[in-house]
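> what follows is a protein structure lacking sequence information:
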């Protein structure tokens, strides 16, 4: 079955075609949020972000008035968005970018603004289409399981009926514990383009670790759910805010790339540091994240020393490896070989994503990587032969969306 966008058209692969720039409005509340989002659109279009695929500017909760208009439609807060959402959409579109907006299935949004309950789904979907919105996140505060079971599919149909291509982000699994049997990932893949599986990220390393642990402890369930046009969303990149060191920022970028996660940035692009910018604009990390096969990677080693190894299969018989340290004390020298990591016989070209160094490595040769505390070493591995993907998946069965590599598939950014 070909994945579909909320417009009903075949899905452009949201993750492999473009990362998503998400700006969390409540962190930067000016009197006129309209100016904030225009500023961010300017930064995306002028500072090299758009060319790397960061093309969505997404408005989060708290954008609307406290009351609907006389026709029952949602309306933006006139002080924060004096020109209206459609004016903002056109400003963003004029710069080759796209606009996303937030809604909630309950009587109220999580922030206490008017929600989109079952009886308002059609009118709100049509309103968003008239405003020329390109993505819609549908949250689930102040709703129950029965309403969610009806509402998430109904919103998909309502967005389809508008005729406008609108990426559809569902928060449904996050409100049902994220796992079967309460969560039906087959159904989600048919009605949504991406979905939040877990709780909100906070601007802290502990929060990032909690998300990493949950996603990889449940990887056998989550890996088959993801693929082109349908993505697990572990929430935003907090790189460029205040809670992460440079090493921790590299770790989040690397592991989000391994997870094939949509790349939502939550930061202020007007004041971002050069260190954070270099991580978020790393072409190789983005290329790994955007790999057209869209296979989510997994954890393959979990050492008592606190070192973990993650692997993701990529197009052109390549792969990505991440060596991650859970330690807090000092750099750790981890010794292994590609053969120990289940690579087949041969010589491999290794490209270090963050140091930009290249080397050749035989499968049988022991090597040592020095991993900083809470940091990563990330490799792009060019393979000399076909990898045995089946051994990395539960019961040895590949997900249905995997396919044989094609040399003519989307050209890589960095080769």
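Received, thanks. Computed from a predicted model, the values in this text were never measured in an experiment.
> please count neighbours and contacts with C-alpha atoms only from this point.
OK.
> for the protein, what spans make up the strands?
Secondary structure of the chain, counting by DSSP state E: strands at 56-58, 98-104, 135-139, 167-170, 194-196, 231-233, 298-302, 307-313, 319-325, 332-336, 347-352, 358-362, 367-371, 376-382.
> relative to residue 71, which of those is closest?
Of all those, it is strand 98-104 that lies closest to residue 71, at 18.2 Å by CA to CA.
> what's the angle between the closest one and strand 135-139?
20 degrees (axes from the mean of the first three to the mean of the last three CA atoms, to 10 degrees).
> who touches strand 98-104?
Applying CA atoms under 8 Å, 6 or more residues apart in numbering, the external contacts of strand 98-104 come out as 55-61, 89, 92-93, 109-110, 115-117, 132-141.
> minimum distance to residue 78: which of the strands of the chain has it?
Ranked by CA to CA, the member of the strands of the chain that lies closest to residue 78 is strand 98-104, at 16.2 Å.
> just to revisit the earlier point, now the strands of the chain as CSV including mean pLDDT?
As requested, the strands of the chain are exported to CSV (pLDDT from 0 to 100):
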stretch, mean pLDDT
strand 56-58, 96
strand 98-104, 98
strand 135-139, 98
strand 167-170, 98
strand 194-196, 98
strand 231-233, 98
strand 298-302, 98
strand 307-313, 98
strand 319-325, 98
strand 332-336, 98
strand 347-352, 97
strand 358-362, 96
strand 367-371, 98
strand 376-382, 98
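> let me have these in TSV, adding distance to residue 242 and mean neighbour count as columns.
Formatted as TSV, those follow (distance: least, CA to CA, whole Å; neighbours: other CA atoms under 10 Å):
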stretch	distance to residue 242	mean neighbour count
strand 56-58	21	27
strand 98-104	24	24
strand 135-139	25	25
strand 167-170	26	26
strand 194-196	23	25
strand 231-233	22	26
strand 298-302	27	17
strand 307-313	25	22
strand 319-325	21	24
strand 332-336	25	14
strand 347-352	26	19
strand 358-362	32	14
strand 367-371	22	15
strand 376-382	19	24
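> ok, which of those strands comes nearest residue 271?
For the strands of the chain, distance to residue 271 was read as CA to CA. The smallest value, 16.8 Å, belongs to strand 56-58.
> domain ranges for this protein?
For the chain, whose domains are defined here by automatic domain parsing, the residue ranges read 14-289, 298-396.
> which of those sits most buried?
By mean neighbour count, with neighbours taken as mean count of other CA atoms under 10 Å, domain 14-289 ranks first of these at a mean of 20.
> any idea how far that one is from the chain center?
Relative to its chain's centre, domain 14-289 lies at 9 Å (CA atoms, centre = their mean, to the nearest Å).
> same question for stretch 326-341.
For stretch 326-341, the distance from its own C-alpha centre to the chain's C-alpha centre is 27 Å (CA atoms, centre = their mean).
> return the helix or strand in this protein with minimum mean pLDDT.
In the chain, the helix or strand scored least confidently by mean pLDDT, DSSP states H and E is helix 14-17, which has a mean of 32.
> I appreciate the help and will end here.
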